[in-house]
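Participant: Here's my sequence, what's the structure:
(one chain, ligands or ions: 1)
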Amino acid sequence: IPTIGVLALQGDVREHLAALTAAGARAVPVRRPAELAEVDGLVIPGGESTTMSKLAVIFGMLEPLRERVAAGLPAYGSCAGMIMLADKILDGRDDQETIGGIDMIVRRNAFGRQNESFEAAVEITGIGGGPVEGVFIRAPWVESTGERTEVLARLDDGTVVAVRSGNLLATSFHPELTGDHRVHELFVDMVRTAG
Ligand code: GLN
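Facilitator: Model prediction:
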């Protein structure tokens, strides 16, 4: 049974720990480089990516995260976590850092004011059993993707909201806030296959 960390600097850590446990992993919070070194995979939660970026620098985690992800550590980012896994972001703060790893451009707070939060049924490539309930909270979208990045889900208007690139997975929405663990099960499978 794989050990999967949840980056616990900021954000909805508890919800991801619970979803990972339900999906069959041993789930542990990760705050320190020594804890990062112990995990087989990592979830980067939803929250506020500017704060997460700042805390990653303060806690000395940014470079260790970049190194492990670049070395092939499976990682899954939801919402703010998607922003953290993007090679490039739009509408970020000037000093905002990302871990990177997925060749894509992600726009923060992309859905705008009147649609800041909404729910939508999302059909995801590789996940059977019908669409998942996508909870979007001041969510980013994927503005463009590089050649190695596979689009897994779009909204009805074509907006890209889930991608995969090798061992890296990202969603604009928050499956950890629903009772549906299929996205976490997909990630646990990715970790098993990688290990
Ligand atoms: N708007 C947040 C950000 O830019 C993301 C929101 C979320 O994770 N629910 O980081």
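
Participant: low pLDDT regions in this protein?
Facilitator: Scanning the chain with the threshold set as pLDDT under 70 gives 114.

Participant: Give me the most central residue, it.
Facilitator: When the chain is reduced to its mean C-alpha position, the nearest residue by Cα atoms, centre = their mean turns out to be G77, at 0.7 Å.

Participant: and V106, which of the three is it?
Facilitator: Reducing the assignment to helix, strand or coil with DSSP: H, G, I helix; E, B strand; the rest coil, the entry for V106 is strand.

Participant: I102: neighbouring residues, count only.
Facilitator: 29 (other Cβ atoms under 10 Å). All C-beta spots, glycine's among them, are computed from the backbone N, C-alpha and C.

Participant: How about the one 3 residues further on?
Facilitator: Residues within reach of I105, counting by other Cβ under 10 Å, total 16.

Participant: quick revisit: how much space is there between the residue nearest to the centre of the chain and P45?
Facilitator: Look at G77 and P45: by Cβ to Cβ, to the nearest Å, they are 8 Å apart.

Participant: who's in contact with the lengthiest helix in the chain?
Facilitator: Longest among the helix segments of the chain by residue count, using DSSP state H, is helix 182-194. Outside of helix 182-194, the residues within contact range by Cβ atoms under 8 Å, 6 or more residues apart in numbering are 2, 4, 16, 19-20, 22-25, 40-41, 43, 72, 74, 76, 124, 126-127, 129, 132, 167, 169, 171, 175-176.

Participant: Any residues of this structure in contact with the ligand? List them.
Facilitator: Within the chain, the positions near the ligand by Cβ under 6 Å from any ligand atom are G46, G47, E48, S49, C79, A80, I83, R108, N109, I137, R138.

Participant: can you map out the helices along the protein?
Facilitator: Remark: helices assigned in the chain by DSSP H are 13-22, 33-36, 49-58, 62-70, 80-85, 182-194.

Participant: Let me have the ones you listed in JSON lines, extended by mean neighbour count.
Facilitator: Conversion of the helices of the chain to JSON lines gives the following (neighbours: other Cβ atoms under 10 Å):
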{"stretch": "helix 13-22", "mean neighbour count": "20"}
{"stretch": "helix 33-36", "mean neighbour count": "14"}
{"stretch": "helix 49-58", "mean neighbour count": "20"}
{"stretch": "helix 62-70", "mean neighbour count": "17"}
{"stretch": "helix 80-85", "mean neighbour count": "29"}
{"stretch": "helix 182-194", "mean neighbour count": "20"}
